[in-house]
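Trainee: need coordinates for the following:
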Amino acid sequence: PYPQWVRSPAGGDNLFTDSLLAINPRTGRLVWYYQQTPGDQWDIGSNAPMILVDREIDHLVNESAGPDRQQYAAYLQRIGRSEEDFKETFREAADLRVVRGLVLGKLADVENIEATVDDIQGELEKMFGELAEDDGRFRQLFDSEVGRETVRRDLVNRRTMDRLLEIVSDGTYVAPDAAQ
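Mentor: A predicted model of the protein is given here:
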């Protein structure tokens, strides 16, 4: 811990302490910032809620180990590690994923990036149109509330990334959808 009164006797929120910054790589200028913990006294390196990081670690473990718990336990025994030790190897990647998701979510909110019902339907039709004649199962999977929400999130994420690229390229980046 590093008391704020020691490092900043005049007070203030110590701007850019525990902050995420977007810097234009061409100009070096600050585009935007988000301070996670104003006046932080505990020197927290990342302020991603730990429950989110723990859940993301579980996702990463499941992606790498698969759904078979017996096979997973046998693997851990073979490499001589506990489940907690194994999970800890994913902490940094999970923290980065959570922070990235939170930042992109904040950018989408600030920039009012959305996907309308028509946008989602158009994306589904494009996806269905690219399939062979045997698309009934695929259509059933995505033409549901959960499937539509997945498509909505994907559209918002792509648009947010396109907007981020536009911001850092001083407006010279043209999103693939806009180029058509």
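
Trainee: need the three-state assignment for the residue most central in space within the chain.
Mentor: When Cα atoms, centre = their mean is applied to the chain, the residue found nearest the centroid is Gly101 (2.1 Å). The three-state assignment at Gly101 reads helix, by DSSP: H, G, I helix; E, B strand; the rest coil.

Trainee: and if you look at Glu123?
Mentor: Quick answer, by three-state DSSP: Glu123 is helix.

Trainee: spit out the contact partners of it.
Mentor: Ala115, Val151, Asp154, Leu155 (Cβ atoms under 8 Å, 6 or more residues apart in numbering). No exception for glycine: its C-beta is placed from N, CA and C like everyone else's.

Trainee: if you set the cut-off to 10 Å instead, what comes out?
Mentor: Counting by Cβ atoms under 10 Å, 6 or more residues apart in numbering, Glu123 touches Ala115, Phe142, Arg148, Val151, Arg152, Asp154, Leu155, Arg158.

Trainee: from those residues, which land in helices?
Mentor: Among the contacts of Glu123, the residues falling in helices (DSSP state H) are Phe142, Arg148, Val151, Arg152, Asp154, Leu155, Arg158.

Trainee: can you pull out the helices in this structure?
Mentor: With helices called from DSSP H, the chain shows them at 4-7, 50-65, 69-79, 83-88, 91-110, 117-129, 136-142, 145-168, 176-179.

Trainee: and the fifth one, average pLDDT?
Mentor: On average, the pLDDT along helix 91-110 is 87.

Trainee: next: stretch 114-126.
Mentor: Here stretch 114-126 scores 92 as its mean pLDDT.

Trainee: ok, now stretch 70-78?
Mentor: 91.

Trainee: any idea how far that stretch is from the middle of the chain?
Mentor: Centre-to-centre, stretch 70-78 and its host chain are 30 Å apart (Cα atoms, centre = their mean, to the nearest Å).

Trainee: how much space separates Thr172 from Phe128?
Mentor: Using Cβ to Cβ, to the nearest Å, we find Thr172 at a distance of 34 Å from Phe128.
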